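K.L.:
Here is my input, please return the structure:
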Amino acid sequence: MSASDLETWLKEGSSESAGWRKSNGSGETIGHESGRKIIEILKKNPDKDPDGYEQDDVDHMRRVVA
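P.N.:
Take a look at the predicted model:
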């Protein structure tokens, strides 16, 4: 899924039920928050150059696919 596709999906109501609800009372799910982080990662490194990722990016992507 491209960053653009993910952005479009996150704007849909169905995306709001992706994942567990956060305990901070915001109403946002963990999956929705993670999706926003993935968009940042994809936009920061559009060529998907392995050397273009920071360790935090790699750690987040590993959590997503685990």
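K.L.:
And the contacts of the longest helix seen in the chain?
P.N.:
Determined from DSSP state H, the single longest helix within the chain is helix 30-44. Among residues not part of helix 30-44, those counted as contacts by Cβ atoms under 8 Å, 6 or more residues apart in numbering are 2-3, 6-7, 9-10, 15-16, 18-22, 52-53, 57, 60-61, 63-64. C-beta: built from backbone N, CA, C; applies to glycine.
K.L.:
Write the ChimeraX selection for whichever of the residues you listed are buried.
P.N.:
The following ChimeraX line selects those of these that are buried, judged by 16 or more other Cβ atoms under 10 Å:
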select :6,10,15,53,57,60
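K.L.:
What pLDDT is listed against the residue sitting nearest the centre point of the chain?
P.N.:
Taking Cα atoms, centre = their mean, the centroid of the chain lies closest to Gly35, which sits 2.3 Å from it. Taken from the predicted model, the pLDDT recorded for Gly35 is 87.
K.L.:
again with Ile39
P.N.:
Ile39 is assigned a pLDDT of 94 by the prediction.
K.L.:
Kindly report the same for Ser4.
P.N.:
For Ser4, the pLDDT comes out at 92.
K.L.:
Give me the neighbour count for it.
P.N.:
Using other Cβ atoms under 10 Å, Ser4 has 11 neighbouring residues.
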